[in-house]
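Colleague: Give me the fold of what follows.
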Amino acid sequence: MQTPAFLDRDRPDVPDLVVPGGVTPFFLQGRPVRGRLVRLGVLADVLLTRHDHPAPVTRLAGKALALVAALASALKFQGSFSLQIKGDGPVPLLVADSTDTGALRFYARTDEDALAALLAETPNPTDRELLGNGYLALTVEQGAETERHQGIVDLAGDDLSAMVSHYFATSEQHACWLYLSCRMTDAGWRAGGLVLERIAGEGGLHVVGEDDADASWETATILATTLTSRELLDDALPPSDLLYRLFHQEDLHIGHARALAYGCRCSRARLASVLQGFPEDDLDHMMQDDGLIVMTCEFCNTDFRFPRKDISSPAT
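Modeller: Numbers count the residues shown, from 1 in each chain. Here you go, the predicted structure:
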């Protein structure tokens, strides 16, 4: 007997992929600096190639995935941490999120005509040219029983790193340095990032004078700027070796690595509940000639097919 759609919580046929050392946390002993090195590895290629976007949009999405992986791993929560950007550019909506266990997903909506016009004029547009003017929101959701925490700022800067740095400076009033990169390599798409945060004290252990703290923070960010995209996305270079290259003179301490995973959370039950919220006339309009309603998950680009006769609105 076939399970009714609203009870069918089976996942679609998507990759069961985990990257064990996706996020490497660290801090600099005696300095007010902590950070995370993020490498999606093969996970980037698996996530990004499920969508047929031009390379500039794919690069932007890869950086967004690295960003949410980095920021979510610094929080203590149970639920999801998301980045949402809405603008008036050729990519009017970008969403990326991570669960507390490191499960990642993304969605980018494009205006195909506007995007084609931009790429014809500017083959390698900036993130800002893709997104246009709008706002950026970072949100932590921990379920219906918990208050949602969200911060929103206007878009500022040419790339995603600058936009998020602006968010921390204005919304959180918190010093944060970011470097994000995504590109096609010989092994496929790769994405990663390095995030430094200024904290109140030396690695969270001691309190230092403000002048010393300023100097330590400046030194750490200067060293971080020597990082190259090639180093960041090199599968053969262990994260510990890369961090040692950057910060070996700053009493580097590396924490336990955290895993990242393919993380779309769609199911037939979830999408069936969405369909059941539509009026009967709308459901009839969605039905194809074969009697099926097709719903596509925007995150994993998987089609779900529902017999129209099995779906009804609550009013019926």
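Colleague: Could you write out the alpha-carbon coordinates of stretch 274-290 in PDB?
Modeller: This file holds the C-alpha atoms of stretch 274-290, laid out as PDB (Å, rounded to 0.1, in the frame of the first residue of the first chain):
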ATOM      1  CA  VAL A 274       2.400  23.400   0.900                       C
ATOM      2  CA  LEU A 275       0.000  22.100  -1.900                       C
ATOM      3  CA  GLN A 276      -2.800  21.600   0.600                       C
ATOM      4  CA  GLY A 277      -2.700  25.300   1.400                       C
ATOM      5  CA  PHE A 278      -3.900  26.200  -2.100                       C
ATOM      6  CA  PRO A 279      -7.600  26.500  -3.100                       C
ATOM      7  CA  GLU A 280      -9.000  23.800  -5.300                       C
ATOM      8  CA  ASP A 281      -9.200  26.000  -8.400                       C
ATOM      9  CA  ASP A 282      -5.500  26.700  -8.100                       C
ATOM     10  CA  LEU A 283      -4.700  23.000  -7.700                       C
ATOM     11  CA  ASP A 284      -6.700  22.300 -10.800                       C
ATOM     12  CA  HIS A 285      -4.800  25.000 -12.700                       C
ATOM     13  CA  MET A 286      -1.400  23.400 -11.600                       C
ATOM     14  CA  MET A 287      -2.500  19.900 -12.800                       C
ATOM     15  CA  GLN A 288      -0.800  18.700 -16.000                       C
ATOM     16  CA  ASP A 289      -2.500  16.700 -18.800                       C
ATOM     17  CA  ASP A 290      -1.400  13.500 -17.100                       C
END
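Colleague: Show me what counts as buried in that stretch.
Modeller: 275, 278, 283, 286, 287 (16 or more other CB atoms under 10 Å). C-beta coordinates here come from the backbone N, C-alpha and C atoms, glycine included.
Colleague: what are the ranges of the strands in the stretch 1-150 of the chain?
Modeller: 18-28, 33-39, 80-87, 93-99, 103-109, 134-141, 149-154 (DSSP state E, counting those that start in this stretch).
Colleague: What sits closest to residue 234 if chain neighbours are left out?
Modeller: residue 242 (7.9 Å; CB to CB, 6 or more residues apart in numbering).
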